[in-house]
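Colleague: Curious how this folds, go ahead:
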Amino acid sequence: MKKSKQNKTQKNNNNVDSNEIARQIAIETIKDTEKFFQRIANFFKGIWKFLTTPGMILGIFKFQKLDHVYESFLRNEKLMKILALVVAIGFAFNIRYAPSVKERYSVDINSYPLTSYYNKERIVVEGLPDTVDVTLVGDKSQVDIAKAKANFEIYADLKDLPPGTHKVNLEYSKLGNKLDVKIDPSTIVVTIMALTEIDKPVQADFVNLDQIDEMYVLSEPQLALNTVKIKGPQTVVNQVASVKAIIDVSDLSKLSDYEAPVFAYDKLGNKLDVEIKPDKLITSTQVTTPSKVVPVEAVVTGNAPEGHSVGNLTLTPSEVKLYGETTALESYDKLQVQVDLYQLDDNNELIVKLDKPENIHKMDTDTIKVKVTFEETQTKVLENISVDFKNLDAKYSVKAKSLSDVVINLTLKGSTTKLNSISADDVKVWIDLLGYTPGEYQVPITVESITGVLIDPSRAKVNVIITE
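Modeller: Next up is the predicted model:
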């Protein structure tokens, strides 16, 4: 609304200026016309002066009565012819040299392009409008031709101005001297800044990663150049914090030979208006799909029905294919799922959600179906299971305090099927000596768990002696 009022006010001002020019023209025309009639009046004054000379007066007094003067004058055929000839010559002269009065016409041209002249390789200018409004006044035919051709120029000459803020008068050319020209605005305020150029390192940045399948792995992009030239006002160039070649990965088929546009950013990530050479770089990115198949292992929680143990536990699928960086895949040899026996349905089945491991892009499945069968609980004893010593500092040595501290017995409870598959070699028992120093200690025993089997060691701790 405010902008509309401003435009309306500007147009009214243009109309007032055009009317003022027309009024001035009318006044000049009236003055020229007055001069024309003044010449005629002077002409008749000259005739009267001629008729009132002493010679003419003596001739008139020859008549007896003054009333007969004009009658005699009119009957003088020779004198009348002379008078008629003089009047005709006077009229012809004034008509020939009377001012030619032509209609003055004005037209407004809005948003006419403004041309500027300055060394664009050395300075940059702020405050230059793209267009100005122009009013042309003059003979209608000349005004219409100038408007139709639109080959005149409105320009700002900045060639000799030093850096700083300046008030500049706008000028025009290619309009001749028969038209009056009004430019709005007629003056502008511009700020001139010297240009500077520096070299900046450029890095690649991927965009639209959410539009490609997570199974794909993108290599580090290779850029045709490692640095680009940044050119602009010193104050703007000083704000450049990073320069990035932007690679759109939405179309993977183009990434092997991709032309990436280059942009400069400030520390807040805003684009800066500077000149970059080159403003595009050829980049090359390899697209691969590294993968690894790992088994799924169930970790059972909860209790089986009284007097029963887990006989068999089936996972479908029993393996999962992982996608990701090669280094990330190397960190995983198996995936574990929690199987809560209390969550089983009437068919002793359960769907378990599989969490995606850290740094893995994708899995070929994220759910595992679990089927559990129960059998009556049986007991099995494994005797004389060796206790291993782990993580003791290499500068120390350790020994059991007695033979009973070297081995222990384990009581296993589970289904017949499960117990029959377990031997002494399948059970791991150890004590952790990390951080222990010379002395005599009672160290807790650790027994590696077996899915679906309860393990009860014959003792909870063993006695050891550590020496240097």
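Colleague: From now on I want contacts and neighbour counts done on CA atoms only, so please keep to that.
Modeller: Will do.
Colleague: so where do the helices sit in the protein?
Modeller: Assigned by DSSP state H, the helices in the chain fall at 2-51, 54-61, 68-75, 77-97, 140-149, 234-237, 326-329, 416-420.
Colleague: which stretch in those is the model least sure about?
Modeller: When these are compared on mean pLDDT, helix 54-61 scores lowest, with a mean of 50.
Colleague: Which residues lie in contact with residue 460 in this structure?
Modeller: Residue 460 makes contacts with 444-445, as judged by C-alpha atoms under 8 Å, 6 or more residues apart in numbering.
Colleague: how close does it sit to residue 339?
Modeller: Residue 460 sits 27 Å away from residue 339, going by C-alpha to C-alpha, to the nearest Å.
Colleague: same question, residue 388
Modeller: 30 Å.
Colleague: Which of the helices and strands in the chain ranks last by mean pLDDT?
Modeller: helix 54-61 (a mean of 50; mean pLDDT, DSSP states H and E).
Colleague: Does residue 233 touch residue 192 like I think?
Modeller: No: counting by C-alpha atoms under 8 Å, residue 233 sits too far from residue 192 to count as a contact (9.4 Å).
Colleague: which neighbours do the two share?
Modeller: With C-alpha under 8 Å, 6+ apart, residue 233 and residue 192 have common neighbours 123-124.
Colleague: Could I get the phi/psi values of residue 391?
Modeller: As for residue 391, its main-chain torsions (degrees, to the nearest 10) stand at phi 70, psi 20.
Colleague: Excluding chain neighbours, what is closest to it?
Modeller: residue 434 (4.9 Å; C-alpha to C-alpha, 6 or more residues apart in numbering).
Colleague: burial measure for that neighbour, as a count.
Modeller: 11 (other C-alpha atoms under 10 Å).
Colleague: again, but for residue 333
Modeller: Around residue 333 there are 11 residues (other C-alpha under 10 Å).
Colleague: contacting residues for it?
Modeller: Here residue 333 is in contact with 294-295 (C-alpha under 8 Å, 6+ apart).
Colleague: Phi and psi next, for it.
Modeller: Torsion angles, degrees, to the nearest 10, at residue 333: phi -110, psi -20.
Colleague: try residue 345
Modeller: Taking degrees, to the nearest 10 as the convention, residue 345 sits at phi -90, psi -170.
Colleague: Would you check how far apart it and residue 110 are?
Modeller: Taken as C-alpha to C-alpha, the span from residue 345 to residue 110 is 80 Å.
Colleague: For the residue nearest in space to the middle of the chain, give me its contacts.
Modeller: Nearest to the mean C-alpha position of the chain, by C-alpha atoms, centre = their mean, lies residue 271 at 6.2 Å. Neighbouring residues of residue 271 by C-alpha under 8 Å, 6+ apart: 263-265.
Colleague: now swap in residue 286 and tell me
Modeller: 218-221, 255-256.
Colleague: Would you mind checking these for buried ones?
Modeller: Buried members of the contacts of residue 286, scored by 16 or more other C-alpha atoms under 10 Å, are 218, 221, 255.
Colleague: Find the nearest non-adjacent residue to the first one, please.
Modeller: By that I understand residue 218. Leaving out its chain neighbours, the residue that sits closest to residue 218 by C-alpha to C-alpha, 6+ apart is residue 287, at 4.9 Å.
Colleague: same deal with the second one?
Modeller: Distances taken as C-alpha to C-alpha, 6+ apart place residue 285 nearest to residue 221, at 4.6 Å, with adjacent residues excluded.
Colleague: Find me the pLDDT at residue 279, would you?
Modeller: Looking at residue 279, the pLDDT reads 93.
Colleague: now swap in the one 10 residues further on and tell me
Modeller: In this model, residue 289 is scored at 84, pLDDT.
Colleague: Count the residues that sit near it.
Modeller: Going by other C-alpha under 10 Å, the residues that sit close to residue 289 add up to 13.
Colleague: Thanks a lot, see you next time.
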